[in-house]
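# no sequence for this one, just the structure:
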């Protein structure tokens, strides 16, 4: 598992007809990263956030995934 900064599209809390770009620090396995880079057969991706909670998101909502070096 490696540390990443995930940027993704989410519903705007103030206007549900629009989306906003949000960021979240996540842990991702090599398998998840490879799923993003391969053919689009995966519809959802699984990341780990906070104290080991699953964060599952549609691949269509992911904007970018950037490698992070933990402090």
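Done, it's in. This is a predicted model, so every value here is computed, not measured. Numbers count the residues shown, from 1 in each chain.
# from the chain's centroid, how far away is the helix or strand of the chain with the lowest mean pLDDT?
The helix or strand of the chain with the poorest confidence is helix 30-37; it has a mean of 89 (mean pLDDT, DSSP states H and E). Helix 30-37 has its C-alpha centroid displaced from the chain centroid by 11 Å (C-alpha atoms, centre = their mean, to the nearest Å).
# hmm, residue 21 is touching residue 63, no?
Yes: counting by C-beta atoms under 8 Å, residue 21 touches residue 63, with 6.0 Å between them. Quick note: C-beta positions are derived from backbone N, CA and C, even for glycine.
# on that earlier part again, same for the least confident helix or strand of the chain, what does it pack against?
Under the contact definition 3 or more C-beta pairs under 8 Å, 6 or more residues apart in numbering; DSSP states H and E, helix 30-37 sits against strand 44-49, strand 62-67.
# angle of the first one against strand 62-67?
What it means is strand 44-49. Calculated by axes from the mean of the first three to the mean of the last three C-alpha atoms, to 10 degrees, strand 44-49 forms an angle of 40 degrees with strand 62-67.
# now whatever helix or strand comes next after strand 44-49: mean pLDDT?
The helix or strand immediately downstream of strand 44-49 is strand 53-58, counting by DSSP states H and E. The pLDDT scores in strand 53-58 average 96.
# paired strands for strand 53-58, with orientation please.
strand 44-49 (antiparallel) (DSSP bridges).
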